[in-house]
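J.: the following comprises the amino acid sequence and a computationally predicted model.
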Amino acid sequence: MTLEIRWIEDLLALEQEKSISQAAEIRHVTQSAFTRRIQNIENALGFQILKRYSKNIDFTEAGQVLLASSKNIQNQLTTTIKYLEKNVKNNELTVKFSVSHSLITQFFPRFIHELSTTMEDLKLEIIAANLKQGMRLLKDGSCDFLIGYCDQKTLQQLDLSFFVCHKIVEMEILPVTTLNNDGTPKYSLDQPFPLLAYSKQAYLRNCVDEVIENKLDYRTLYETDNASDLKELVLQGLGIAWLPKLLVEKEIAENKLKVVDCNQYNLFQDVYIIRREMAFSNRINYIWNTLTKQDE
């Protein structure tokens, strides 16, 4: 049996219109010709894909399975075409990473260090985006890889026929404040304090809220997606912020920042790298294999 691409378009047209005559019209063939094409599909497969009634058409269980696969193939093809349109120019391919704001400055350069030393012609584009934005970019072909915080609930919502994910590391998120001249923390979680918060679109916002809401006395002074901005505000003495340990470990070692309450209010969040299940090139496969083997 030979698969014909036009079958996919015929099935999708039929599913959209629920009418052979209307499906035939949008496929630019006569009704009789379209009917023969559907019959040819059934003959080639050896089973019926349609339930035929007097006024409407519906798919059999086997037809529903075939229709779902047709939709997946169409989505993959559409994504591939968009990817090629956006990324192929002068035979050069730029590898695009969508990265959570708080992982760009410290984590990401370390994570891709091996890659940057083994691929001399590597050309990267980094897009700062929260998880929801990154997933949208990944799905429509605007980036090749997504690196960001993710939990099991979010992963279970992913279409695993379309995406592949790999846990990179568990990141510790610490509440930090600057120090007074005498070396004591400027703010404490035991007293009212100004909170330097992530914006509502940021993944870490919900994580922090779950830990501190109705437990600590604070007022939100500032909101942003960017953890580096929050760090600068903390260094200016404006409040307490929950920041990735990797982002502030240098300032902590230099006694510029202090972790507030080392245990009770610390967070641990998994960082994942995600890509589409179908790789568009050997280069994408090589990068994925290189990056995902680092922690093995």
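T.: Yes, it's here.
J.: how about the secondary structure of Met278?
T.: When classified by DSSP: H, G, I helix; E, B strand; the rest coil, Met278 comes out as coil.
J.: report how many residues lie close to it.
T.: Neighbourhood size, Met278 [other CB atoms under 10 Å]: 14. Every C-beta, even on glycine, is put in place using the N, C-alpha and C of the backbone.
J.: next one, pLDDT for it please.
T.: For Met278, the pLDDT comes out at 74.
J.: likewise for Tyr83?
T.: 62.
J.: next: Gln16.
T.: Gln16 is assigned 86 on the pLDDT scale.
J.: could you pull out the helices in the stretch 51-200 of the chain for me?
T.: Counting by DSSP state H, counting those that start in this stretch, the segments of the stretch 51-200 of the chain that form helices are 61-87, 107-111, 113-118, 131-139, 152-156.
J.: so which of the ones you listed is the most packed in?
T.: Among these, helix 131-139 has the highest mean neighbour count (mean count of other CB atoms under 10 Å), at a mean of 19.
J.: figure out how far it is from the centre of its chain.
T.: Computed by CA atoms, centre = their mean, to the nearest Å, the chain-centroid distance of helix 131-139 equals 4 Å.
J.: got it, and stretch 196-207?
T.: Relative to the centre of its chain, stretch 196-207 is centred 17 Å away, using CA atoms, centre = their mean.
J.: check which residues of it are buried.
T.: 196-198, 202-205, 207 (16 or more other CB atoms under 10 Å).
J.: average pLDDT across it?
T.: Averaging pLDDT along stretch 196-207 yields 89.
J.: distance between the ends of it?
T.: Distance across stretch 196-207, first residue to last, is 14 Å (CA to CA, to the nearest Å).
J.: residues touching Leu138, list them.
T.: Residues near Leu138 by CB atoms under 8 Å, 6 or more residues apart in numbering: 98, 144-146, 163, 274-276.
J.: give me the distance between it and Ala62.
T.: Going from Leu138 to Ala62 by CB to CB, to the nearest Å gives 32 Å.
J.: out of the helices of the stretch 51-200 of the chain, nearest to Val234?
T.: For Val234, the closest of the helices of the stretch 51-200 of the chain is helix 107-111, at 18.3 Å, according to CB to CB.
J.: mean confidence score for that closest one?
T.: 88.
J.: any chance you could list what contacts that helix?
T.: Residues outside helix 107-111 that contact it (CB under 8 Å, 6+ apart): 97, 99, 126, 147, 168, 171, 244, 246-247, 271, 291, 294.
J.: enumerate every residue touching Thr105.
T.: With CB under 8 Å, 6+ apart, Thr105 has these contacts: 228, 247.
J.: what's the answer for Asp58, then?
T.: Counting by CB under 8 Å, 6+ apart, the residues that Asp58 touches are 18, 50-51.
J.: out of those residues, flag the one nearest to Asp225.
T.: Of all those, Lys18 has the smallest distance to Asp225: 43.8 Å, by CB to CB.
J.: roughly how far does the closest one sit from Asp140?
T.: Counting by CB to CB, the gap from Lys18 to Asp140 is 28 Å.
J.: endpoints of stretch 233-247, how far apart?
T.: End to end - CA to CA - stretch 233-247 spans 14 Å.
J.: can you point out the buried residues in it?
T.: Using 16+ other CB under 10 Å as the burial criterion, the residues of stretch 233-247 that qualify are 233-234, 238-247.
J.: farthest-apart pair in the residues you listed, please.
T.: Leu238 and Leu246 (21.8 Å).
J.: show me where pLDDT drops low in the stretch 151-296 of the chain?
T.: Counting by pLDDT under 70, the ranges of the stretch 151-296 of the chain that qualify are 160, 262, 279-280, 294-296.
J.: mind doing that once more with 90?
T.: Where the stretch 151-296 of the chain drops to pLDDT under 90, the residues are 151-165, 181-183, 199-204, 206-207, 211, 214, 224-228, 246-247, 261-267, 276-296.
J.: if anything else comes up later, I'll come back, but that's it for now.
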